[in-house]
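Participant: Turn this into a model:
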Amino acid sequence: MTKIMQTAEGIIKSTSGTRFIASFIVGGSLYNFFGISSISVPDFRCQCNSATLKFSDISDLTSTRAFTGTVGPDDLHFGFANGPIITGKLDKAATSGATISGSGSWTLN
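Facilitator: Numbering: from 1, shown residues only. Predicted coordinates for the structure are as follows:
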């Protein structure tokens, strides 16, 4: 049986060469993902609710999770090992794209 994917709009931005934060409002609550990439990437951001989170169940947005993805040149795409996907259009195009992987933690605020 195929699970129905829920969506939430939000933002994602780099905070240093290897770190980033993604924030989404889900069911009236703020969920943040604090990620660390295995490689350094140029600064990036998708603000003004231009990032989209797709997930099957709210329990997908818990704990420490691994991800793989791409950043640039015009958009980003992160897929998580347990199913969620974050996509977005970059506010400013990057000079080139990068394939990244890493892990991070979801928090509910």
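Participant: The most centrally placed residue in the chain is in what secondary structure piece?
Facilitator: The chain has Ile86 as the residue nearest its centroid, 4.4 Å off, counting by CA atoms, centre = their mean. Per DSSP states H and E: Ile86 is located in strand 85-89.
Participant: Kindly point out the strands partnered with the helix or strand of the chain with the lowest mean pLDDT and how each is oriented relative to it.
Facilitator: For the chain, using mean pLDDT, DSSP states H and E, the weakest element among its helices and strands is strand 45-55, scoring a mean of 91. With DSSP bridges as the criterion, the sheet partners recorded for strand 45-55 are strand 6-14 (antiparallel), strand 85-89 (antiparallel).
Participant: next structured bit after it?
Facilitator: Next along the chain after strand 45-55, taking DSSP H and E as the criterion, comes strand 64-71.
Participant: Return the distance of that following strand from the chain's centre.
Facilitator: 8 Å (CA atoms, centre = their mean, to the nearest Å).
Participant: May I see the buried residues of it?
Facilitator: Within strand 64-71, the residues that qualify as buried are Arg65, Phe67, Gly69, Val71, counting by 16 or more other CB atoms under 10 Å. Glycine gets a C-beta too; all of them are placed from N, C-alpha and C.
Participant: Also stretch 85-102?
Facilitator: Ile85, Ile86, Thr87, Gly88, Leu90, Ala94, Ala98, Ile100, Gly102.
Participant: How about the second one: what's its closest non-neighbour residue?
Facilitator: The reference is to Ile86. Phe78 (4.4 Å; CB to CB, 6 or more residues apart in numbering).
Participant: Enumerate every residue touching the one you found.
Facilitator: For Phe78, the contact set (CB atoms under 8 Å, 6 or more residues apart in numbering) comprises Ala22, Gly35, Phe67, Thr68, Gly69, Ile85, Ile86, Thr87.
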